[in-house]
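**Q** Mind looking at a prediction? Sequence and model below.
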Amino acid sequence: MSIDRQPAVAGAFYPANPVVLGRRVDDLLAGVADSGALPHPKALIAPHAGYQYSGPIAASAYARLAPIAARIRRVVLLGPAHRLPFRGIAFTGADRLLTPLGAVDLDREALAGLADLPQVQRLDAAFDGEHCLEVQLPFLQRVLGDFRVVPLIVGAVEPEAVAEVIDRLWGGDETLIVISSDLSHYHDYATATRLDRETTRVIEQLEPAALDHQAACGATPLAGLLVAARRRAMQVRTLDLRNSGDTAGPRDQVVGYGAYAVF
């Protein structure tokens, strides 16, 4: 019998009704402006707030998958721990992650291939109430259709240890890597804009040592990706950079959101 992990934030961060959710995601994807041809991404960086806030920015990343969706069969999904402090990188014992759009099977074989890494542990409590990975799934479900996921919550760990996991799971064209992260938190609009532009420069220049958790809540998994990407002489393209003051919130305290493609 399969072990299912129920969604934690359906009805809060995104619609719980599957018809409404599917329509919402499709509308967000359809609203992405065509910015011309780009190389096919190996990895994406996307924000993870409520869809009214960060959904348009996340869609800017996921819309880039349309030309290669048929070949992607596995998504390695990493995001930061918001609720449970712990050391290392956590996976869940569940067999499937559920959203209102249906179930996504875990790639248990891929997770078994991490068993010898000391920084990786089963810690189901890290997933309890955690939103950073869950909010990415409906976008992936609508764009990719059939795929397996390797969901990893990143706690206190060195970026090099994250990069080791990413290297192990890198795969070929069938594997997409997604890092879930917002940018700056709770500054006024002008300050957030300045800080997020600097963080974007750091990301584009593949400078993992310059990232911290004031710049991005997902600084650790993000830095791990940049370490792995730098080794491979990859490039980063910014797809969208806005904040909650641009989408659905006031401008006195905003949260920054960026979408990036790594190729």
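**A** Arrived safely. Because the structure is predicted, anything quoted here is derived from the model rather than measured.
**Q** What distance do you get for His185 to Asp240?
**A** Here His185 is placed at a distance of 18 Å from Asp240 (Cβ to Cβ, to the nearest Å). (Glycine included, C-beta is placed from N, CA and C.)
**Q** swap that for Arg251, sorry
**A** Look at Arg251 and Asp240: by Cβ to Cβ, they are 18 Å apart.
**Q** Who has more neighbours out of the two?
**A** Asp240 (22 against 14; other Cβ atoms under 10 Å).
**Q** element containing that one, please.
**A** Using DSSP states H and E, Asp240 sits in strand 236-243.
**Q** May I see the buried residues of that strand?
**A** Residues of strand 236-243 classed as buried: 236, 238-243 (neighbour count, 16 or more other Cβ atoms under 10 Å).
**Q** now swap in stretch 27-44 and tell me
**A** By neighbour count on 16+ other Cβ under 10 Å, the buried set for stretch 27-44 is 28-29, 32, 41-44.
**Q** any chance you could map the helices in this structure?
**A** Ranges of helices in the chain, per DSSP state H, are 18-30, 51-62, 108-112, 137-144, 159-169, 189-204, 219-231, 244-247.
**Q** For Gly79, find the nearest of these.
**A** helix 219-231 (6.3 Å; Cβ to Cβ).
**Q** That closest one to strand 236-243, inter-axis angle?
**A** 160 degrees (axes from the mean of the first three to the mean of the last three Cα atoms, to 10 degrees).
**Q** Show me which residues of helix 219-231 are buried.
**A** Quick answer for helix 219-231 (16+ other Cβ under 10 Å): 219-229.
**Q** do stretch 71-79 as well
**A** So stretch 71-79, judged by 16+ other Cβ under 10 Å, has buried residues 72, 74-79.
**Q** Those residues into JSON lines, with extra columns for pLDDT and distance to Gly55?
**A** Converted to JSON lines, the buried residues of stretch 71-79 look like this (pLDDT from 0 to 100; distance: Cβ to Cβ, whole Å):
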{"residue": "Ile72", "pLDDT": "98", "distance to Gly55": "21"}
{"residue": "Arg74", "pLDDT": "98", "distance to Gly55": "24"}
{"residue": "Val75", "pLDDT": "98", "distance to Gly55": "18"}
{"residue": "Val76", "pLDDT": "98", "distance to Gly55": "22"}
{"residue": "Leu77", "pLDDT": "98", "distance to Gly55": "17"}
{"residue": "Leu78", "pLDDT": "98", "distance to Gly55": "20"}
{"residue": "Gly79", "pLDDT": "98", "distance to Gly55": "16"}
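**Q** Low-confidence ranges, this protein, go.
**A** 35 (pLDDT under 70).
**Q** Is the residue positioned nearest the centre of it bridged to anything, and to what?
**A** Compute the mean C-alpha point of the chain, and by Cα atoms, centre = their mean the closest residue is Ser180, 2.4 Å away. Ser180 has these beta-bridge partners by DSSP bridges: Ala46.
**Q** now the residue nearest to Val162 when sequence neighbours are not counted: how far from Pro100?
**A** For Val162, ignoring the flanking residues on the chain, the nearest one in space by Cβ to Cβ, 6 or more residues apart in numbering is Gly224 at 2.5 Å. From Gly224 over to Pro100 the distance is 30 Å, taken as Cβ to Cβ.
**Q** same deal with Leu241?
**A** 29 Å.
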